[in-house]
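K.L.:
how would this look folded up:
(chains A and B)
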Amino acid sequence: MIKVLKISIGVFIVALVGIQFFPIQRNESSKPPGTGFIELYKPTPAVKNILANSCLDCHSNQTKYPWYSHVQPVGLLLQYHIEQGKSELNLSEFGDYSDRMKKDKLRSMISQIEDEEMPLPSYLLIHKEAKLTVNNKEVLLEFLTKLKSTF
Amino acid sequence: MKRVILFSTLFAFTLAACNSKSSNQSNSEHEHAEGHDHSSMPSKSMKNESSAQKSNNTTVILDAYLSIKNALVKDDQGAARKAGAALAASIDNFDISSFKASEQQELKDILEVAKEHREHISNSKIDHQREHFEALSKDIKDLVTIAGADRTLYQQYCPMYDGNKGGMWLSASDEVMNPLFGSKMPKCGSVKETISMK
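P.N.:
Numbering: from 1, shown residues only, chains lettered A, B, ... in the order given. The predicted model follows:
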């Protein structure tokens, strides 16, 4: 019995060490100029900060990696979220969407924020500072709603 | 004996309380029904009419769209998923080459957004399916405006959807069967616009 336990702990440790050698693909491409949400719509510093703290890690081409993202499986999970997140909404390339698509992405952002579905709950576990406060939500929603009405 | 009297009075009170509660309930239900009647009456008289071109271009897309609608009316998440797949196929087969150059870009944009909505409809829980169906409805309406349809369509609207922001959809019948609430509020809504084909 003890032997079995020792073996399984051993296997677990080897796997944990082994997984560290899978490098994650870093999402830090230099951005194509002129197509980013922030350049295009020049939000106030408050709105910009909220987006940067709470959304851009998964919805842009520039993720800010915390040190523990070098520890697996945290980094791998983040990589998976970035892939999925960017395919839904890439704020670095927002200008490339058609106007119809832009309006729909804004609709979707508003709805995700209102329903508190974003930022992803699993991300908030380790990024407590990314959680939107009541005030953050209000400021962000006001900006997005106004912007949406221009399309 | 005293006890028996005490209990029976208590019992009687409870019954009375229950009764008044249920009569209250039916009262409020009644008011509710009346409210709906009132709300649908003026909108019927103010109903907008518009027309689009009679055409078979969009038949397959509309069939798929209306199957999603019917599935959501019945709270049937699985059927909505399947109809979502049919919508994807119908969008892929839509041929824009016969349209004017000025319309082609708009059609491309519409179909691209519609395809994203259908992806969510095919991969989500029912509330999220409904959110994307509501958004999709606007794109389908714009599609019909440009490309026409083979049937009369009724644009319907329920003001209570999404925390009273309201939501719209298209139907092939003027009878309201709400896809945004399904069985929770099947009758919420009224016809806002009749789009007939010429």
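K.L.:
Spatially central residue for chain A, please.
P.N.:
Most central residue of chain A, judged by C-alpha distance to the mean C-alpha position with CA atoms, centre = their mean, is A:C58 at 2.1 Å.
K.L.:
Now that one: which helix or strand?
P.N.:
Secondary structure assignment for A:C58, by DSSP states H and E: helix A:56-59.
K.L.:
where does the chain dip in pLDDT?
P.N.:
Unless you meant another one, I'm taking chain A. Along chain A, segments meeting pLDDT under 70 span A:21-23, A:30-33.
K.L.:
hmm, I had chain B in mind actually
P.N.:
Within chain B, the stretches with pLDDT under 70 are B:1-47.
K.L.:
closest point of chain B to chain A, which residue?
P.N.:
Residue nearest to chain A within chain B: B:D109 (4.1 Å; CB to the nearest CB). Placement of C-beta: from N, CA and C, glycine included.
K.L.:
Against B:D150, how distant is that residue?
P.N.:
From B:D109 across to B:D150, the span is 23 Å (CB to CB, to the nearest Å).
K.L.:
Show me the strands in chain B, by range?
P.N.:
Counting by DSSP state E, one finds strands in chain B at the ranges B:48-52, B:153-158, B:167-171, B:190-197.
K.L.:
show me the contacts for A:S111.
P.N.:
Contacts here follow CB atoms under 8 Å, 6 or more residues apart in numbering or on different chains; on that basis A:S111 touches B:131, B:162.
K.L.:
got the buried residues for the helix or strand containing it?
P.N.:
Using DSSP H and E, the element containing A:S111 is helix A:99-114. Residues A:100-113 are the ones in helix A:99-114 that count as buried (16 or more other CB atoms under 10 Å in any protein chain shown).
K.L.:
okay, the very next helix or strand once past that helix in PDB with CA atoms only?
P.N.:
Helices and strands here follow DSSP H and E; after helix A:99-114, the next one along the chain is helix A:121-126. As requested, C-alpha coordinates have been extracted for helix A:121-126 and formatted as PDB (Å, rounded to 0.1, in the frame of the first residue of the first chain):
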ATOM      1  CA  PRO A 121     -13.900  33.300 -13.100                       C
ATOM      2  CA  SER A 122     -10.800  31.000 -13.300                       C
ATOM      3  CA  TYR A 123      -8.700  34.000 -14.100                       C
ATOM      4  CA  LEU A 124     -10.000  36.000 -11.200                       C
ATOM      5  CA  LEU A 125      -8.800  33.300  -8.800                       C
ATOM      6  CA  ILE A 126      -5.200  34.300  -9.500                       C
END
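K.L.:
what packs against helix A:121-126?
P.N.:
Using 3 or more CB pairs under 8 Å, 6 or more residues apart in numbering or on different chains; DSSP states H and E as the contact definition, the elements that helix A:121-126 packs against are helix A:74-88.
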